[in-house]
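A.B. asks: Kindly return the folded structure for what I paste below:
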Amino acid sequence: MTIRRSAAAVGAVALGLFALSACTKPTPLATVTVGKTSVHTEAACYNNGQPLKQADFTKCLNSTPSETVNVSSGDTVHVGVDPAIADKGWVVVVDQQGASGRLTSTYHTFSPDLVNQFFTDSSTGQQKTKVTLTIVENSSAQSYQGVWHFALQLKG
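C.D. replies: Presented below is the predicted three-dimensional model:
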């Protein structure tokens, strides 16, 4: 009986260690808050803090956001990042256009006036109803470590 219990315990420990080795480390989180609503996501692309290959980075920039937050005219948009992202530096891009300079804090706020500009097509002046807010972790101008996407949906 004790041999069976010992064998079962050893088997359980081995199975537990095997299961833990199959887990992947989660990526740092990014959060967008509008009013009382916050959404967060892991990276669409992340290489454990190491630079992404240019082809992977380009492909990732065009990926679809997994999280959507509703925005009304006059809302302030707050963007927060994990300290691991802030340590390397990050920028915010809206529909492939730069929306911030390089940031090293864990938090940035966009004023209602700037948020309203996010939803105006710069070439036609037409109002858009949905834009993609992208956070790019970058330790230098040509070194990108991660990409996070959010959809901002303009409420009527």
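A.B. asks: any idea how far residue 73 is from residue 151?
C.D. replies: 17 Å (C-beta to C-beta, to the nearest Å). Where you see a C-beta, it was placed from the backbone N, CA and C, and this is true even at glycine.
A.B. asks: no wait, residue 120
C.D. replies: For residue 120, the distance to residue 151 - C-beta to C-beta - is 17 Å.
A.B. asks: ok now do the nearest residue to residue 68 once chain neighbours are set aside, which residues does it touch?
C.D. replies: Using C-beta to C-beta, 6 or more residues apart in numbering and skipping residues adjacent in sequence, the residue nearest residue 68 is residue 151, 4.1 Å away. Applying C-beta atoms under 8 Å, 6 or more residues apart in numbering to residue 151 gives the contacts 65, 67-69, 130-133.
A.B. asks: Quick check: residue 73 touching residue 113?
C.D. replies: No: here residue 73 lies out of contact with residue 113, judged by C-beta atoms under 8 Å, at a distance of 10.4 Å.
A.B. asks: show me where pLDDT drops low in this structure?
C.D. replies: Counting by pLDDT under 70, the chain shows low-confidence ranges at 1-24.
A.B. asks: Which parts of the chain are helices?
C.D. replies: Here the chain has its helices, by DSSP state H, at 2-21, 54-61, 83-88, 112-118.
A.B. asks: what's the third one in contact with?
C.D. replies: Read it as helix 83-88. Identification of contacts with helix 83-88 by C-beta under 8 Å, 6+ apart yields 28, 30, 49, 103-106, 135, 137-139, 145-146.
A.B. asks: Pick out whichever of residue 73 and residue 113 has more residues nearby.
C.D. replies: residue 73 (12 against 9; other C-beta atoms under 10 Å).
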